[in-house]
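Undergrad: here you go, sequence then predicted model.
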Amino acid sequence: MKYITVMQKAILTLLCCCLITGSLFAQRLVSDAKIVYRIETPPQADPSFEGGTLTQYMKGHLSRVDIDFKSVHYSYLINSREETVVTLIDNHGDKYLIRAGKDEYTKELNEYTQVQFKDGTETKQIAGYNCKKAIGKMPDGQTFEVYYTTDLLPENKQYNRRFVNLKGIPLQFEIINKNGSRMHVVATKVDLYAVPGSFFDTPKSGYKEISREELMKMGS
């Protein structure tokens, strides 16, 4: 009987080691990825914003966010090494390019580093990944909901500065609009593959380069 007990202990120890090792290796450090989200707009939103998508690309220190609606397309090309952001806007065929340098990049990053996330108890599965709920609190006191997975850890924490303090990759989150309404962004597909470097190139033609101040004057 003592021999069986010893064997049982040995097997139990082996199983525990396997479970611990498995949980550690379940976490994947992500350098390259493409995540597609659907955008759920509030009922009072402009119908032209229905059916929108948000696509997040990552490649090392480079990242890109594409937001597509029926008639308007936004792209944000982020270089965390050079600390720059290039914004591309295609509004009914009118194309504009806006550059943000290191000063603006650092200012916005400092604002996002003040966002604090507090884990909740709710969980759900999104796009095949187990996610836990967290509430993000912004410096102005506003809060927003996010579900994130710890199975995927971004190699570049600044791939999306909004989530620089999050302990994983968000697969569902809220975006608060200027009028106070909220859009829900929910992942539908996660692809982990070598994203082409050309995805992050700034266009050399086809866009009119303007400043952020000029954009504001245009009423966009």
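TA: Sure thing, it's come through. Numbering: from 1, shown residues only.
Undergrad: in contact with the closest residue to R182 other than its chain neighbours, which residues?
TA: Spatial nearest neighbour of R182, excluding adjacent residues (C-beta to C-beta, 6 or more residues apart in numbering): E174 at 4.9 Å. The way it works is simple: take the backbone N, C-alpha and C, and place the C-beta from them, glycine included. Contact analysis of E174 by C-beta atoms under 8 Å, 6 or more residues apart in numbering lists F144, E145, V146, R182, M183, H184, V185.
Undergrad: what of M183?
TA: Contacts of M183 were listed using C-beta under 8 Å, 6+ apart, and they are I39, E40, T41, P42, A45, E174, I175, N177.
Undergrad: any idea how far the fourth one lies from L152?
TA: The span separating P42 from L152 equals 28 Å under the rule C-beta to C-beta, to the nearest Å.
Undergrad: so what's the spatially most central residue of the chain up against?
TA: Among the residues of the chain, the one closest to the centroid is N160, at 5.2 Å (C-alpha atoms, centre = their mean). Contacts here follow C-beta under 8 Å, 6+ apart; on that basis N160 touches Q56, S63, V65, I78, P170.
Undergrad: against A33, how distant is it?
TA: 11 Å.
Undergrad: overlap in contacts, the two.
TA: With C-beta under 8 Å, 6+ apart as the test, N160 and A33 both reach Q56.
Undergrad: and the next element down the chain from the least confident helix or strand in the chain by mean pLDDT?
TA: Sorting the helices and strands of the chain by mean pLDDT, DSSP states H and E puts helix 2-26 at the bottom, at a mean of 41. Next along the chain after helix 2-26, taking DSSP states H and E as the criterion, comes strand 28-30.
Undergrad: which of P42 and L152 has more neighbours?
TA: The neighbour count for P42 versus L152, taken as other C-beta atoms under 10 Å, is higher for L152 (20 against 13).
Undergrad: in contact with that one, which residues are there?
TA: By C-beta under 8 Å, 6+ apart, L152 lies in contact with Q27, R28, V30, A33, Y129, G168, I169, V190.
Undergrad: and if we set it to 10 Å?
TA: Shown in contact with L152 (C-beta atoms under 10 Å, 6 or more residues apart in numbering): 26-30, 33, 35, 129, 168-171, 190, 192.
Undergrad: what sits against F117?
TA: 134-137, 144, 146, 148, 163, 165-168, 170.
Undergrad: my bad, should have said N156
TA: Contacts of N156 by C-beta under 10 Å, 6+ apart are V30, S31, M58, K59, G60, H61, L62, S63, I78, S80, R81, V164.
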